[in-house]
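A predicted structure for the sequence below; I have some questions about it.
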Amino acid sequence: MICGIDGRLIRKTPAEVYVEVGGISYVLNVPLSTSGSLPEEGARVHLFTTMLVRDEKIELYGFATEKEWNLFQKMILLPGVGPKLALRILSRLSPDEIISAVFSGDIDFLKKTPGIGKKIAERLVVELKHYIEGIGFTAEEIQTDFISEAIEALTVLGYKRNEAQQIVKKTAKEIGKKPESLEDFLREILKRV
């Protein structure tokens, strides 16, 4: 997985940026917040990235901050929230606004984003709260957690996604601290299954 890109910004639009790294140009889909925060074309940039392979198509998504990147990765795991909707949410709301709405259960606030109805807003509140709060970490502490990666690892090993989520959340609660590395976290998980 490509989790970051560092290079020269050669073009930016509200929804895409082009970054040249070692003579190769990459196109990254970005939220408006990232596009708006980037320097002028020609400047050096660093973006946190998520690479998704869908329908034989590889797409890169880029984010100016680690907080945006983490929220994006958590949102795309939710049923009914794909990468396009997750980008739309991050274009409309800041990570702090999303986290605040999730913790306060403010469904109406989330529904102000085009494409989010009551059902998706409720899912965001319930599911993101589980990711952020349910494992015993505060929103600030979760920035570098390994929850989504651990869930993906368990699904690769044959666990159903719901079962993997329960195992990972239970393990995170039991160890009671932020893991040092993904490997350490996976070791703890595998001891318990």
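That came through, no problem. This one's a predicted model, so the numbers in the text were calculated from it and none came from an experiment. Residues are numbered from 1 along each chain as shown.

CA only for contacts and neighbour counts going forward, please
Fine.

what packs against the longest helix along the chain?
Secondary structure of the chain per DSSP state H: the longest helix is helix 161-175. Under the contact definition 3 or more C-alpha pairs under 8 Å, 6 or more residues apart in numbering; DSSP states H and E, helix 161-175 sits against helix 147-156, helix 182-192.

now that helix: buried residues?
For helix 161-175, a neighbour-count test (16 or more other C-alpha atoms under 10 Å) marks 164, 165, 167, 168, 169, 170, 171, 172 as buried.

just stretch 84-91 next, same as before
85, 86, 87, 88, 89, 90, 91.

shaky segments in this structure?
For the chain, the stretches flagged by pLDDT under 70 are 1, 132-148, 176-178.

let's see it at 50
Applying pLDDT under 50 to the chain flags residues 134-144.

mind picking the two most distant members of the buried residues of stretch 84-91?
The largest separation in these, counting by C-alpha to C-alpha, is between 85 and 91 at 9.6 Å.

before we move on, the earlier item: pick the one among the buried residues of stretch 84-91 closest to residue 7.
For the buried residues of stretch 84-91, the nearest to residue 7 is residue 87 (22.0 Å; C-alpha to C-alpha).

the nearest residue to the closest one once chain neighbours are set aside: how many residues sit nearby?
Excluding the flanking residues, the one nearest residue 87 by C-alpha to C-alpha, 6 or more residues apart in numbering is residue 31, at 5.2 Å. Neighbourhood size, residue 31 [other C-alpha atoms under 10 Å]: 25.

report the contact partners of residue 31.
By C-alpha atoms under 8 Å, 6 or more residues apart in numbering, the residues touching residue 31 are 14, 15, 62, 63, 87, 88, 90, 91.
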